[in-house]
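**Student:** what follows is a predicted structure for the sequence shown.
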Amino acid sequence: METIQKLLHSNKINKRERLEIKQFLKRIQKPKKKKKKAKKIKVKKDVLNRKIEYKKYLNSAKWKAIRQDVLLRDNYRCAYCYNLDNLHIHHLSYVNFKKEKLSDLITLCKDCHKGEHLSN
Ligand SMILES: [Zn+2]
Ligand SMILES: [Zn+2]
């Protein structure tokens, strides 16, 4: 590749040859783009898998126990507006995902929770 580039910038070739080399280079660079696309699809799949995993976790007994602990700590009310209804548990951090510490979580009402995700 380097030699081709050198040739391209040398004056050993004429305009037509230079154009042909450029076109050739373009053609051999195309597969690289395809690789990038494949990566993007993989990322999408990863996001989907993570979503499924997250949903599964939210239905697990372990999460339900952690959830209860957080609700108890926050006195069964929204930490922002003290609303008692429609309480959600919000992740302040996913660093300890699946083995959350109470400090990673906070009790929020539906509206405050929504606001929290809109601002992020
Ligand atoms: Zn949340
Ligand atoms: Zn609230």
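**Tutor:** Received, thanks. Computed from a prediction, not measured in an experiment: that's the story for all the values here. Numbers count the residues shown, from 1 in each chain. Ligands and ions are numbered 1, 2, ... in the order given.
**Student:** please make it C-alpha for all contacts and neighbour counts, starting now.
**Tutor:** OK.
**Student:** for the longest helix along the chain, name the packing helices and strands.
**Tutor:** Assignment by DSSP state H gives helix 15-58 as the longest helix of the chain. Judged by 3 or more Cα pairs under 8 Å, 6 or more residues apart in numbering; DSSP states H and E, helix 15-58 is in contact with helix 2-9.
**Student:** what about the nearest residue to Leu71 once chain neighbours are set aside, which SS state?
**Tutor:** For Leu71, ignoring the flanking residues on the chain, the nearest one in space by Cα to Cα, 6 or more residues apart in numbering is Thr107 at 6.2 Å. Of the three states, Thr107 takes strand under DSSP: H, G, I helix; E, B strand; the rest coil.
**Student:** i'd like the first residue to be 2 from this point on
**Tutor:** Sure, I'll start counting at 2 from here, so that last one is Thr108.
**Student:** wait, Thr108 touches His91, no?
**Tutor:** Yes - the pair Thr108 and His91 qualifies as a contact (Cα atoms under 8 Å) at a distance of 6.2 Å.
**Student:** what residues of the next helix-or-strand element following the longest helix of the chain count as buried?
**Tutor:** For helix 16-59, the following helix or strand on the C-terminal side (DSSP states H and E) is helix 62-74. For helix 62-74, burial by neighbour count (16 or more other Cα atoms under 10 Å) applies to Trp64, Ile67, Arg68, Asp70, Val71, Leu72.
**Student:** cool, stretch 90-104 as well?
**Tutor:** In stretch 90-104, counting by 16+ other Cα under 10 Å, buried: Ile90, His91, His92, Glu101.
**Student:** any part of it near ligand 2?
**Tutor:** No - counting by Cα under 5 Å from the ion, ligand 2 has no neighbours in stretch 90-104; the shortest distance is 11.2 Å.
**Student:** how confident was the prediction at the most centrally placed residue in the chain?
**Tutor:** Central residue of the chain (Cα atoms, centre = their mean): Val48, 6.4 Å from the mean position. According to the prediction, Val48 has pLDDT 91.
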